[in-house]
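A.B. asks: Any chance you can model this:
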Amino acid sequence: MTYVVTDACIKCKYTDCVEVCPVDCFYEGENMLVINPSECIDCGVCEPECPAEAILPDTEDGQEKWLEINTKFSAEWPNITEKKDPPADADEHKGEEGKYEKFFSPEPGEGD
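C.D. replies: Numbering: from 1, shown residues only. Sure thing, here's the model as predicted:
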């Protein structure tokens, strides 16, 4: 098992999760984060830290797509280990439906 970041992170990109991760397995895209499944140790400390509730175990139904997305983009995007300020409009997008189709960007973020 591993944890994955889902579309609830898109346009919110709160980074509370990265500062509690003991193995630094988060990677930053332009408008979301992902977890490298091969680096995640399944400790679960990141899940309750996410204000957008975007982090879920990959064993929950429907997470196959997110496991693939996290795997692909964690290999392409830079590592992030320190908390950053969320986007100014993050709270406006919290809980919004259909964010992957509307807003997903494959572009990398800045990382640390």
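
A.B. asks: residue boundaries of the helices in the protein?
C.D. replies: Remark: helices assigned in the chain by DSSP state H are 16-20, 64-74, 90-93, 99-103.

A.B. asks: Which strands or helices does the second one pack on?
C.D. replies: The one in question is helix 64-74. strand 3-5, strand 33-35 (3 or more C-beta pairs under 8 Å, 6 or more residues apart in numbering; DSSP states H and E). Where you see a C-beta, it was placed from the backbone N, CA and C, and this is true even at glycine.

A.B. asks: Show me the contact partners of the first one.
C.D. replies: Under the contact criterion C-beta atoms under 8 Å, 6 or more residues apart in numbering, strand 3-5 has outside partners 26, 32-35, 37, 40, 42, 44, 46-47, 54-58, 63, 66-67, 69-70.

A.B. asks: Equivalent analysis for stretch 57-73, please.
C.D. replies: By C-beta under 8 Å, 6+ apart, the list of residues contacting stretch 57-73 reads 1-7, 27, 29, 34-38, 42, 44, 47, 56, 106.

A.B. asks: If any of those are buried, put those into a ChimeraX selection.
C.D. replies: The buried residues among these can be selected in ChimeraX (16 or more other C-beta atoms under 10 Å) with this line:
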select :2,3,4,5,6,7,27,29,34,35,36,37,56
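
A.B. asks: List the residues that contact the spatially closest residue to residue 82 that is not a sequence neighbour.
C.D. replies: Nearest residue to residue 82 in three dimensions, chain neighbours excluded: residue 112, at 5.6 Å (C-beta to C-beta, 6 or more residues apart in numbering). Contact analysis of residue 112 by C-beta under 8 Å, 6+ apart lists 78-82.

A.B. asks: try it again with 7 Å
C.D. replies: Going by C-beta atoms under 7 Å, 6 or more residues apart in numbering, residue 112 touches 79-82.

A.B. asks: how near is it to residue 6?
C.D. replies: Per C-beta to C-beta, to the nearest Å, residue 112 is found 23 Å from residue 6.

A.B. asks: next one: residue 64
C.D. replies: With the distance defined as C-beta to C-beta, residue 64 ends up 12 Å from residue 6.
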